[in-house]
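Student: Sequence and predicted structure below; questions after.
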Amino acid sequence: MTSTHHFHDIKNLLHHFSNEGKKGQLKVRIIRFIFELKEVSVSQICDAFNLSIPSVTKLIQELTDDGWIERKGEGASRGGRNPVLL
C-alpha cells in the first residue's frame, strides 16, 4: 500500500469505492489481498479471484493511477517474464 491513501478500517475503504458497485467491491478485495500478503503478482490475483489477466491488469492500473497501490519491482521468474510485484 502506498502512503497516499490510509484507511482506518474496512468500512472507510468500502465507502470510498461504494459508488463503483461490483467493480468497487473487487478493488477492495484486491487491496486487502495485497495488504495481507505484502507482495503479490498479477497472476496471484488472477488465481485468487478467478479473473483474467486483462481484467486484473486494468483494475491494477486504476488502483495504481489513483495511488491505492504501488508497483514494487519484479519478482523471480518461473519461466517466461519476470512478474511485476505489487
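Tutor: That came through fine. Residues are numbered from 1 along each chain as shown.
Student: where in this protein is pLDDT low?
Tutor: Scanning the chain with the threshold set as pLDDT under 70 gives 1-10, 73-86.
Student: Helices of the protein, residue ranges please.
Tutor: 10-17, 21-37, 42-49, 53-65 (DSSP state H).
Student: And these: which comes nearest residue 72?
Tutor: Across these, residue 72 has its closest neighbour in helix 21-37 (9.9 Å, CB to CB). The way it works is simple: take the backbone N, C-alpha and C, and place the C-beta from them, glycine included.
Student: Now tabulate the helices of the chain in JSON lines and tack on distance to residue 71 and mean neighbour count.
Tutor: Output for the helices of the chain, formatted as JSON lines (distance: least, CB to CB, whole Å; neighbours: other CB atoms under 10 Å):
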{"stretch": "helix 10-17", "distance to residue 71": "20", "mean neighbour count": "14"}
{"stretch": "helix 21-37", "distance to residue 71": "11", "mean neighbour count": "15"}
{"stretch": "helix 42-49", "distance to residue 71": "10", "mean neighbour count": "16"}
{"stretch": "helix 53-65", "distance to residue 71": "7", "mean neighbour count": "15"}
